[in-house]
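Visitor: Kindly generate the corresponding structure for this input.
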Amino acid sequence: MRGQHLMIVGVTAVAIGSVAFAQVGRGGSQWLTALADAQRTSWVRADDKISVEALSKPGFALQWTSKLENQPRGAYGLGAGVTASGVTLFIPVSLVTGSSNNVYAIDNDLGYVVWDRKFSVSLPAPTAACPGGISAGATRIVRLDGMIPSFPGFGGRASIGYRSVVGEPGQGVPIEGRAGSAGVSAGRGSSPVAPAPPPPPQAPAARGGQPDDRIPGSPRPDDGAPLRPTQRPSGVGYVITSDGTLHVLGLASGKDIQRPAPFLPANARWSSPIGVGTMLYTATSGGCGGAPNAVWAVDLESESKPVVSWKTNGGPVVGAVAFAPDGTLFAAIGAGRSSGSGSSNAIVALDPKTLRLKDWFTQPAAEFVTGPTILRHGDKDIVAAATKDGRIVLLDAKSLGGADHGTPLHASKTWLRPGATVSADALATWREQPASGSGASWILLPIAGSPATVAPSANGAIQDGAVIALKLADTGGALSMEPGWVSHNLAGAATPVTVNGVVFALATGLPSASSGRGTPGVLHAYGGATGKRLWSSESVMTGSASPGSLWSGTGQVYVGAQDGTLYAFGFDDERRSTTPH
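Guide: Here you go, the predicted structure:
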């Protein structure tokens, strides 16, 4: 198999030396959290590899596969990866979680496992409602303005734009680089499958052969000497394990570089976490592990890692929490029996530090089934979420439901035929970016079953599911949604990813019922403004894909399968083409 061959090649290439690799690079964008950004748009605005023009020509294809030893738990298998590279992390990698308390760092270019870590945490027997294990991917710190940093296409991966110890203007020292903010574990905590490339000269290796990814200023466990204060951190990733513990992992080695901290109840089911500023957030639902329906936040800046939470006292938190550019946190609450001042069928706005309720929208018939996504339109930030009956509700982020907390900017008609459902817990949104700077905004709705008649479709009949593309219209300030296009038939449609105007729509192949048999996943690429299919993976994938395990980074698109296979699609780059065979 090509992927297995490339894994062997990757190990050989590392042994030859990674200095040569620093002079080539794939470029492309980073992917720092599930659904791409703080607004949860699943949109990468710019990429120097992927575009409608590039995919209109031959060349985009499977680049490698990597088989990860992870046992799926219910519908959960591999999570969405997050990408990274930097001073002591000499190659671009994806940090990928596995449902059975596994974490992997995967070389994005060659697919080999740089390191893997198995957390020794006991797991309960899985159920359909509460599968246990790691229920979401990792995260890094993201920006509130929605911008996603890019990898340079040339000049070496050691020059990747991490935040330095100095930090952004007016933001102080980044949380990864603050001295003395937490204890440092002396344990290695990783099981390398292939040796990590040696760090460049300006980032000397720690004793024991692992790159030094400790927080600058923190003591070394071997000799007590602090790192030089001018040394930049290699970066960290944040992972929650099934016992509810938050781990801060050095991306170069997988070691805990801060003391693991209690965060959630053990065996909870949580949504995709996200790091914003000095806080990390997630939400729990379903009563798994006795955890309430709640939004949770932990203070990463404090050594004691204090935790705050906001309980719905009503319905479950649906999907992932999202953030407006001003830092306000938004969460969608599904149907449920409320007690006291509890929330159900609502979108709530919470203070990001205290999680106190600031504002809300609610309607008895608005049974939300996706988390919020936030798009900019004119001078407004618009909060969008879908309901069980296939409508999309648009709200003003500054005043969710007006004076009566029940008036939206727009509530669409249903986009579903009877019997159809929304198939994922997140929408996606993106905006065309013409030279004029103002383009149409699109909302992408993944469904199971058949859509209502929305537009003449050039992509065939829809029976199992699809992605419906809807264009935002503004008539004198009155918002509405116009039908755009519909994808091909997609079994188990996931939330799509848009990269530089190309919409990647994934048919996971998962059956609608737990007793049913799945089909192999298929990834399609469409022109985002036209719905014209540009490319399809066809029969490349041999098993069903994991829900939510779709992301982009470093000019590639990745899909994690239920059987633990990770697929990378993209264009050939210099590192692969110059690797000796």
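
Visitor: Put the alpha carbons of stretch 59-71 into CSV.
Guide: Extracted in CSV, the C-alpha atoms of stretch 59-71 (Å, rounded to 0.1, in the frame of the first residue of the first chain):
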residue,chain,number,x,y,z
GLY,A,59,-3.1,16.5,-9.6
PHE,A,60,-5.2,16.5,-6.4
ALA,A,61,-5.1,13.0,-5.1
LEU,A,62,-4.5,10.6,-2.2
GLN,A,63,-1.0,11.4,-0.8
TRP,A,64,-0.7,8.8,2.0
THR,A,65,-2.6,6.7,4.5
SER,A,66,-1.6,5.9,8.1
LYS,A,67,-3.1,3.2,10.2
LEU,A,68,-3.5,4.2,13.8
GLU,A,69,-4.1,1.6,16.5
ASN,A,70,-7.3,3.0,18.0
GLN,A,71,-10.4,1.1,18.9
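
Visitor: and it, which residues are buried?
Guide: Under the neighbour-count criterion of 16 or more other Cβ atoms under 10 Å, stretch 59-71 has Phe60, Gln63, Trp64, Thr65, Ser66, Lys67, Leu68, Asn70 buried. All C-beta atoms are positioned from the backbone trio N, CA, C, and that covers glycine.

Visitor: any idea where the helices of this protein begin and end?
Guide: 2-16, 52-55, 574-578 (DSSP state H).

Visitor: Mind picking out the helix or strand in this protein with the poorest mean pLDDT?
Guide: helix 2-16 (a mean of 40; mean pLDDT, DSSP states H and E).

Visitor: Could you dump the buried residues of stretch 59-71 into a markdown table and include pLDDT and distance to Ser450?
Guide: Compiled in a markdown table, these are given as follows (pLDDT from 0 to 100; distance: Cβ to Cβ, whole Å):
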| residue | pLDDT | distance to Ser450 |
| --- | --- | --- |
| Phe60 | 97 | 29 |
| Gln63 | 97 | 34 |
| Trp64 | 97 | 36 |
| Thr65 | 97 | 33 |
| Ser66 | 97 | 36 |
| Lys67 | 96 | 35 |
| Leu68 | 96 | 35 |
| Asn70 | 92 | 34 |
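
Visitor: Quickly check those for the two that are furthest apart.
Guide: Greatest spacing in the buried residues of stretch 59-71, by Cβ to Cβ: Phe60 and Asn70 (27.2 Å).

Visitor: Okay, the closest residue to Phe119 other than its chain neighbours and Pro58: tell me how far apart.
Guide: Leaving aside its sequence neighbours, Phe119 sits nearest to Asn101 (Cβ to Cβ, 6 or more residues apart in numbering; 4.2 Å). Remark: distance between Asn101 and Pro58 (Cβ to Cβ, to the nearest Å) = 41 Å.

Visitor: What of Ala525?
Guide: Taking Cβ to Cβ, one finds Ala525 at 13 Å from Pro58.

Visitor: Between those two, point out the one with more neighbours.
Guide: Ala525 (25 against 8; other Cβ atoms under 10 Å).

Visitor: Run a quick neighbour tally on the residue nearest to that one when sequence neighbours are not counted.
Guide: Spatial nearest neighbour of Ala525, excluding adjacent residues (Cβ to Cβ, 6+ apart): Trp535 at 4.2 Å. Using other Cβ under 10 Å, Trp535 has 19 other residues around it.

Visitor: and if you look at Thr495?
Guide: 28.

Visitor: which residues touch Asn459?
Guide: The neighbours of Asn459, taking Cβ atoms under 8 Å, 6 or more residues apart in numbering as the test, are Trp485, Val486, Ser487, His488, Asn489, Gly531, Arg533.

Visitor: Looking at these, which is nearest Ile91?
Guide: Arg533 (32.7 Å).

Visitor: got the end-to-end distance for stretch 367-386?
Guide: 8 Å (Cα to Cα, to the nearest Å).

Visitor: For that stretch, what is the distance to the chain centroid?
Guide: 18 Å (Cα atoms, centre = their mean, to the nearest Å).

Visitor: Stretch 384-403 now?
Guide: 23 Å.

Visitor: try stretch 297-317
Guide: So, by Cα atoms, centre = their mean, the centroid of stretch 297-317 is 20 Å from its chain's centroid.

Visitor: how many neighbours does Ala458 have?
Guide: Ala458: 12 neighbours (other Cβ under 10 Å).

Visitor: meant to ask about Thr387, not that
Guide: Count around Thr387 with other Cβ under 10 Å applied: 23.

Visitor: what residue ranges in the stretch 201-350 of the chain are flagged as low confidence?
Guide: Within the stretch 201-350 of the chain, the ranges that satisfy pLDDT under 70 run 201-234.

Visitor: Strands of that one, start to end?
Guide: 236-240, 245-250, 261-262, 274-276, 279-284, 294-299, 307-311, 317-323, 329-333, 346-350 (DSSP state E, counting those that start in this stretch).

Visitor: what's the closest of the ones you listed to Thr373?
Guide: Counting by Cβ to Cβ, and looking across all of the strands of the stretch 201-350 of the chain, nearest comes strand 317-323 at 6.2 Å.

Visitor: what does that closest one rub up against?
Guide: Contacts of strand 317-323 (Cβ under 8 Å, 6+ apart): 34-35, 38-40, 144, 271-272, 274, 276, 281-285, 293-295, 329-334, 352, 368-374, 383, 385, 425-426.

Visitor: if we go to 6 Å?
Guide: 38-40, 271-272, 276, 281, 283, 285, 293, 329-332, 334, 368, 370-372, 374, 425-426 (Cβ atoms under 6 Å, 6 or more residues apart in numbering).

Visitor: Pairing partners for it, with directions?
Guide: strand 329-333 (antiparallel) (DSSP bridges).

Visitor: got the contact list for the strand it pairs with?
Guide: Here strand 329-333 has contacts from 295, 312, 315, 317-318, 321-323, 343-344, 346-350, 352, 368, 371-372, 383, 385, using Cβ under 6 Å, 6+ apart.

Visitor: Make a PyMOL selection of the buried ones in the residues you listed.
Guide: Those of the contacts of strand 329-333 that count as buried under 16+ other Cβ under 10 Å are selected in PyMOL with:
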select buried, resi 295+312+315+317+318+321+322+323+343+344+346+347+348+349+350+352+368+371+372+383+385
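
Visitor: picking that back up, just the strands of the stretch 201-350 of the chain: most buried one?
Guide: Per residue and on average, the most neighbours among the strands of the stretch 201-350 of the chain fall to strand 329-333, with a mean of 29 (mean count of other Cβ atoms under 10 Å).

Visitor: Direction-wise, compare that strand with strand 294-299 and give the angle.
Guide: 160 degrees (axes from the mean of the first three to the mean of the last three Cα atoms, to 10 degrees).

Visitor: And for Val422, the neighbour number?
Guide: 26.

Visitor: Tell me the spacing between it and Gly509.
Guide: Counting by Cβ to Cβ, the gap from Val422 to Gly509 is 18 Å.
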